[in-house]
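>>> Need coordinates for the below:
(chains A, B, C and D, ligands or ions: 4)
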Number of protein chains: 2
Amino acid sequence: MRVAELSERLAITPDTVRFYTRIGFLRPRKNPDNGYKEYGAEDLQRLKFILSARGLGFSVDDVGQILREADQGKSPCHATRTLMATRLRESEQRFREMLALRNKMQAALTSWETVPDCPPSGHTICHLIEAFSEQEWSAEPGLDSSTEMDAMKDETEAMNKVTSKR
Amino acid sequence: MRVAELSERLAITPDTVRFYTRIGFLRPRKNPDNGYKEYGAEDLQRLKFILSARGLGFSVDDVGQILREADQGKSPCHATRTLMATRLRESEQRFREMLALRNKMQAALTSWETVPDCPPSGHTICHLIEAFSEQEWSAEPGLDSSTEMDAMKDETEAMNKVTSKR
DNA sequence: GTTGACCTGTGTCTAGGACACAGGTGTAGG
DNA sequence: CCTACACCTGTGTCCTAGACACAGGTCAAC
Ligand SMILES: [Zn+2]
Ligand SMILES: [Zn+2]
Ligand SMILES: [Zn+2]
Ligand SMILES: [Zn+2]
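Numbering: from 1, shown residues only, chains lettered A, B, ... in the order given. Ligands and ions are numbered 1, 2, ... in the order given. So this is what the prediction gives:
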């Protein structure tokens, strides 16, 4: 099996296979005739595992850690649990930030609907952006993350509703 | 004003100022005595603008486009509106993906609570990951994004509730 | 003059591949 | 046997948005 066949089998690009080869996750043997890399059944299994782990939110570094532990004959399960817990926490964090940003973007775009294009005067660069940011700095004096917390609560409710719906 | 003072004024790191200088967004004059970069009032204004735009979700490239247009004397408002609309759509997309991933991560971590650590057998790498992914592949046969759509609807409802709460 | 704290510009690094490119391989036709 | 041409391969570089390391310069105190 060469890169093309392996990548076709798992519905990924050859570049992804090359990448995991480059960082040492796959160990093909080098065909001495043409210098091409020949992948075996073990590489196929490893690549499947890598893709599964990546799809679950593990970083490439995490996968490397797990693979290394497994290669040494140790059970990587503890690392798996710990890393997943960490990644999930990080995910929540970014999720929260994205939610706040998304709301801000929507608010900006909506508020711009009633504002005409600003002429290119010298004392501003783009009034739309500058005005919205200024207004945001001056307004919302007591917004100490309590509304964010409410947002997160509603989020979670919605998500649980969805999850239990299956 | 040198990097330190400028960065201190806007509560950012000197590296950020250096970065925007490196890519040409700021144009300090070079002090011939010591080679240090001297920033003026215009740089301060531009940097404020850059930070506002970045905080609204524009990419650095977007900001460059807007700045270039403004420098040419043209009104960048149209570009601002168009780019923001695009960034908002992208944001929704990533938001949806993050939501799905987050649910998957939670489901995995929960399901692992009732499973013991797998011994390091030769035919698997980490049973936790492989079993969960397999189960996921085999289950959910008719999940053609309709449930995801429902999720998005609930998301939007929750968000609107939050937004209107202010 | 010298010590030492601080400051500066430049080069390199990050994650996860995507992309460009020069050259090799294989096969069909002549 | 040789060539044309499509496809394939490995390697090097690029992307975000800055963060970090580091050698050397600057400035005030002593
Ligand atoms: Zn004005
Ligand atoms: Zn404008
Ligand atoms: Zn087993
Ligand atoms: Zn395991």
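>>> What residue in chain A comes nearest to ligand 4?
Nearest residue of chain A to ligand 4: A:C77, at 3.3 Å (Cβ to the ion). C-betas here are computed from N, CA, C, even on glycine.
>>> Report the separation between the nearest residue to that residue once chain neighbours are set aside and DNA strand D.
Nearest non-adjacent residue to A:C77, counting by Cβ to Cβ, 6 or more residues apart in numbering or on different chains: B:D117, 3.8 Å away. Distance of B:D117 to DNA strand D, given as Cβ to the nearest atom of the strand, to the nearest Å: 34 Å.
>>> List the contacts of A:S7.
Contact analysis of A:S7 by Cβ atoms under 8 Å, 6 or more residues apart in numbering or on different chains lists A:T13, A:P14, A:T16, A:V17.
>>> Now which of the residues you listed would you call buried?
Buried subset of the contacts of A:S7 (neighbour count, 16 or more other Cβ atoms under 10 Å in any protein chain shown): A:T16, A:V17.
>>> Okay, and which of the contacts of A:S7 map to helices?
Judged by DSSP state H, the subset of those located in helices is A:P14, A:T16, A:V17.
>>> Please report phi then psi for the residue nearest to the spatial centre of chain A.
By Cα atoms, centre = their mean, chain A has its centre lying nearest to A:G57, at 7.1 Å. A:G57 adopts backbone torsions of phi 100, psi 0, taken as degrees, to the nearest 10.
>>> any idea how far it lies from A:P119?
The gap separating A:G57 from A:P119 is 48 Å, by Cβ to Cβ, to the nearest Å.
>>> Return the distance of the longest helix seen in chain A from the chain's centre.
For chain A, the helix with the greatest residue count under DSSP H is helix A:77-112. Computed by Cα atoms, centre = their mean, to the nearest Å, the chain-centroid distance of helix A:77-112 equals 10 Å.
>>> Show me what it packs onto, helices and strands only.
helix A:60-71, helix A:127-138, helix A:146-165, helix B:77-112, helix B:127-138, helix B:146-165 (3 or more Cβ pairs under 8 Å, 6 or more residues apart in numbering or on different chains; DSSP states H and E).
>>> quick one on the thing from earlier: I'd assumed A:K74 was in contact with the residue nearest to A:C77.
No. Between B:D117 and A:K74 there is no contact, the gap being 10.4 Å when judged by Cβ atoms under 8 Å.
>>> more crowded one of the two?
A count of neighbours by other Cβ atoms under 10 Å in any protein chain shown puts B:D117 above the other of B:D117 and A:K74, at 15 against 12.
>>> Check what pLDDT that one gets.
B:D117 carries a pLDDT value of 91.
>>> count of residues packed around the residue in chain A that DNA strand C sits nearest to?
Taking Cβ to the nearest atom of the strand as the measure, the point where chain A comes nearest DNA strand C is A:V60, at 3.0 Å. By other Cβ under 10 Å, the residues close to A:V60 number 14.
>>> OK, contacts around it?
A:I23, A:R54.
>>> do A:L47 as well
So A:L47 contacts A:L6, A:L10, A:V17, A:Y20, A:F25, A:L26 (Cβ under 8 Å, 6+ apart).
>>> residue contacts, the second one?
Listed by Cβ under 8 Å, 6+ apart, the contact set of A:L10 reads A:L44, A:L47, A:K48, A:L51.
>>> Farthest pair within those?
The distance between the two most remote of these (Cβ to Cβ) is 10.9 Å, for A:L44 and A:L51.
>>> quick one on the thing from earlier: phi and psi next, for the residue nearest to A:C77.
phi -60, psi 140.
>>> Against B:V17, how distant is it?
For B:D117, the distance to B:V17 - Cβ to Cβ - is 49 Å.
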